[in-house]
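Asks: following is a predicted model, sequence given first.
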Amino acid sequence: MLQRVENDLLDAMRAGDTIKRETLRMLKSALKNAQIEKGSELTDEEAIVIAQKEVKRRNEAIEGFTAAGKPELAEAEAQEAKILAQYVPAQMEEADIRSIVERHLVDNPATLTEMGKVMGALTPQFKGKADMGLVSKIVRELLQG
């Protein structure tokens, strides 16, 4: 993924696209820092997790700026999130997540106090494919009701 980001960064620089250039520089920096921290090359899965974190940060910033009445800053974050989303696999829809969680709970009944165990069992199925915050919310809803 790092090579793809570097190639896209060069394209953005050639095209004079400052927003894309700065966003990709930030992503490249985050990937390089993670690589240094790990001490070896990142796998594609690890790189995708980093890109997902960056998208999530942008989405949280959009909510914050919107709540603060700063639509121009929210729009800038939205543009960055859109650029970063190109490096993240498509996320599962809420209905699909709910269906998988419901099936799991039918096969493995649990109570709300066992939510950690349920999340531990479901995490491998959803990692990189769905927002784990949304998965957690759905699990909590289904265990409560």
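Replies: Cool, got the structure.
Asks: how much space separates the most centrally placed residue in the chain from Thr111?
Replies: Geometric centre of the chain, nearest residue: Gln52, 2.6 Å, by CA atoms, centre = their mean. Note on Gln52: its distance to Thr111, by CB to CB, to the nearest Å, is 30 Å. Where you see a C-beta, it was placed from the backbone N, CA and C, and this is true even at glycine.
Asks: try Ala68
Replies: Distance from Ala68 to Thr111, counting by CB to CB: 39 Å.
Asks: which parts of stretch 55-64 are buried?
Replies: For stretch 55-64, the neighbour count (16 or more other CB atoms under 10 Å) marks Val55, Lys56, Arg58, Asn59, Ala61, Ile62 as buried.
Asks: check stretch 134-145 too.
Replies: Leu134, Val135, Ser136, Ile138, Val139, Leu142, Leu143.
Asks: distance between it and the chain's centre?
Replies: Distance, stretch centre to chain centre, for stretch 134-145: 19 Å (CA atoms, centre = their mean, to the nearest Å).
Asks: how about the strands in this protein?
Replies: Along the chain, no segments are classed as strands by DSSP state E.
Asks: now do the helices in it.
Replies: Taking DSSP state H as the criterion, the chain carries its helices at 2-15, 18-38, 44-67, 71-85, 94-107, 115-126, 132-144.
Asks: so what secondary structure elements neighbour the third one?
Replies: Just to be clear, that refers to helix 44-67. Judged by 3 or more CB pairs under 8 Å, 6 or more residues apart in numbering; DSSP states H and E, helix 44-67 is in contact with helix 18-38, helix 71-85.
Asks: Serialize these to JSON lines and add fields for distance to Lys117, mean pLDDT and mean neighbour count.
Replies: Formatted as JSON lines, those follow (distance: least, CB to CB, whole Å; pLDDT from 0 to 100; neighbours: other CB atoms under 10 Å):
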{"stretch": "helix 18-38", "distance to Lys117": "29", "mean pLDDT": "95", "mean neighbour count": "15"}
{"stretch": "helix 71-85", "distance to Lys117": "32", "mean pLDDT": "94", "mean neighbour count": "17"}
